[in-house]
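In: Show me the folded form of this:
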Amino acid sequence: MAVATASAGIPGSALPGPFGVGEYAAALRDRLRGFAHVQLTGEACDVRLTRARVYFELRDERGAVPCAMWREDFDRLGLAPGALAQGAQVVVAGGCDFYPGSSASSPHFSFAVTGLRIAGEGDLLARIERVRRLLVAEGLCEPQKALARPALPRTIGVVCGERGKARDDVLAGLQRRGWAGRLVWAFAPVQDRHAAPAVGRALSELAALPDVDVAIVARGGGSLADLLAFCDETLCRTVALLRVPVIASVGHHTDRTLIDDVAAVSCSTPTHAAEAAVPLHVGAAREALGRGSARLARHGRRAVADRARVLARLSRAPGEHVARHRRELHQDLRELRASARRRVDAEEAATARRAEALARRAAAAAGPLRTSRERRLDGLAAALAAHDPERTLARGYALVEDAEGAPVTDAGAARAAREVRIRFADGAVQATLKDET
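Out: Predicted structure coming up:
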């Protein structure tokens, strides 16, 4: 029976081979690299920049191709930071490339990019970024932000489309604040090539009105092309130099136009722009002012009464009276200090005397007096032991006691007691006495 080997093919298959994986992968790489170099256009996704390479995917509605470009070739393009971002439309030049992998790494295919250009919105973003850097360099993003905005403006100017939803949103925001001032509308196109000059003229006319305290520019969301009018350099320079603060609300939350950079305040919606134009809620302001005026009146009356009492008291207490009290207080203070010093000195002297007496007693107890006292105590102990009744019993004597334990000292008492207790050194016995006379 034949043993199958690794090089044996599949029985019944007419396909050539089998070939080694590495051999086939190398042939695949050579074939892919032999394809014609072309230009591709699509939307950049999953952009990732490393120190050596730039990776991204090029996508459209029909497919996607992974792309890779050497970092040094990408840096030589001189693109603005962030120009190659998620969603940017780009045109790339290059050809297919394939890494065959190995036993320790995976193969991968990519489109090796040798040239790249930002197209579509990418070009617009690049131009907008250049204008933004120019405005920042000239300091035109700061003048509007330095203007003072009233907490409760009397007249507000609004630039928006005549039939746009932004108009209703501004009215809703002002109504929410309870504002009842004067509103000046300046309708202008907010999309197309005529929009930027029209918005600039409307803002200039509003700023020329002496009663207008603040102006709002409002427009709903849209694509970058729709909002391009609010990135116009001339319009931005006009806004930056107006005398009234401009509150911009153009596009959605994620949109950022150049007018947002130069305006005093940038808001995400027209409603918020209206609320920013009237920072103080009118109803709450009236209540706060009422409470504040009442407190101020109470404080004023109390302050006047307090000051009158102080003045009356001072008029009855001339300077000599105050000086006399000051001298008395100083004298009391000196006496207290002297008394305290005397008390401290006396306590220190008494403590020193007690310490000296204790030292003498300690020295006496540690010297000859201690030895003599010990000898005297030893003599007293010996004398006491000599008179101990127990030692007398130990020499052969006995102690006779009656029933109550009292000593019996003569024969008559013994006869009278009859029953006695005789104590010896090692114990006691009971005895009955008999009269033998």
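In: how about the strands in the stretch 101-250 of the chain?
Out: 108-119, 155-160, 182-187, 214-219, 246-250 (DSSP state E, counting those that start in this stretch).
In: want to try a markdown table for these, with mean neighbour count, mean pLDDT and distance to His281 as columns?
Out: Any C-beta I mention is one placed from the backbone N, CA and C, and that applies to glycine too. Formatted as a markdown table, the strands of the stretch 101-250 of the chain follow (neighbours: other CB atoms under 10 Å; pLDDT from 0 to 100; distance: least, CB to CB, whole Å):
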| stretch | mean neighbour count | mean pLDDT | distance to His281 |
| --- | --- | --- | --- |
| strand 108-119 | 17 | 92 | 46 |
| strand 155-160 | 24 | 96 | 15 |
| strand 182-187 | 16 | 95 | 17 |
| strand 214-219 | 28 | 95 | 16 |
| strand 246-250 | 27 | 94 | 17 |
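In: Which of the ones you listed sits closest to His330?
Out: When the strands of the stretch 101-250 of the chain are compared by CB to CB, strand 214-219 sits nearest His330, at 64.3 Å.
In: Partner strands of the closest one, with direction?
Out: Using DSSP bridges, the strands paired with strand 214-219 are strand 155-160 (parallel), strand 246-250 (parallel).
In: Would you mind putting the ones you listed into CSV with distance to Gly292 alongside?
Out: Below are those laid out as CSV (distance: least, CB to CB, whole Å):
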stretch, distance to Gly292
strand 155-160, 25
strand 246-250, 28
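In: Please pull out the lowest mean pLDDT helix or strand from the protein.
Out: Ranked by mean pLDDT, DSSP states H and E, the weakest helix or strand in the chain is helix 389-394, scoring a mean of 69.
In: Tabulate the strands of the stretch 101-250 of the chain (JSON lines), appending distance to Glu61.
Out: Output for those, formatted as JSON lines (distance: least, CB to CB, whole Å):
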{"stretch": "strand 108-119", "distance to Glu61": "16"}
{"stretch": "strand 155-160", "distance to Glu61": "35"}
{"stretch": "strand 182-187", "distance to Glu61": "38"}
{"stretch": "strand 214-219", "distance to Glu61": "29"}
{"stretch": "strand 246-250", "distance to Glu61": "29"}
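In: thinking again about what came up before, the least confident helix or strand of the chain: what's the following helix or strand?
Out: strand 399-401 (DSSP states H and E).
In: Tell me the buried residues in the helix or strand that that next one is followed by?
Out: Downstream of strand 399-401, the first helix or strand assigned by DSSP H and E is helix 411-417. For helix 411-417, a neighbour-count test (16 or more other CB atoms under 10 Å) marks 414, 417 as buried.
In: would you put the C-alpha positions of helix 411-417 in PDB?
Out: C-alpha atoms of helix 411-417 as PDB (Å, rounded to 0.1, in the frame of the first residue of the first chain):
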ATOM      1  CA  ALA A 411      -5.400  25.000 140.300                       C
ATOM      2  CA  GLY A 412      -8.600  26.500 141.700                       C
ATOM      3  CA  ALA A 413      -9.600  27.700 138.400                       C
ATOM      4  CA  ALA A 414      -8.800  24.300 136.900                       C
ATOM      5  CA  ARG A 415     -11.000  22.600 139.500                       C
ATOM      6  CA  ALA A 416     -13.800  25.000 138.700                       C
ATOM      7  CA  ALA A 417     -13.500  24.500 135.000                       C
END
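In: What lies in contact with that helix?
Out: Applying CB atoms under 8 Å, 6 or more residues apart in numbering, the contact partners of helix 411-417 are 400, 402-403, 408, 420, 433, 435.
In: Which of those scores worst on pLDDT?
Out: Note: of the contacts of helix 411-417, the lowest pLDDT belongs to Asp435, at 70.
In: which ones are touching that residue?
Out: Asp435 neighbours (CB under 8 Å, 6+ apart): Arg415.
In: returning to what we had before: so for Asp426, which of the strands of the stretch 101-250 of the chain sits nearest?
Out: Once the strands of the stretch 101-250 of the chain are compared by CB to CB, strand 108-119 is nearest, at 116.0 Å.
In: quick one: the closest one to chain centroid distance?
Out: 44 Å (CA atoms, centre = their mean, to the nearest Å).
In: Which secondary structure elements does that strand sit against?
Out: Using 3 or more CB pairs under 8 Å, 6 or more residues apart in numbering; DSSP states H and E, the elements in contact with strand 108-119 are strand 63-70, helix 71-75, strand 89-99.
In: Counting by contacts, list what the shortest one packs against.
Out: Here helix 71-75 touches strand 53-60, strand 108-119, going by 3+ CB pairs under 8 Å, 6+ apart.
In: Let me know the average pLDDT across that helix.
Out: 93.
In: Same check on stretch 268-280?
Out: Stretch 268-280 comes out at a mean pLDDT of 91.
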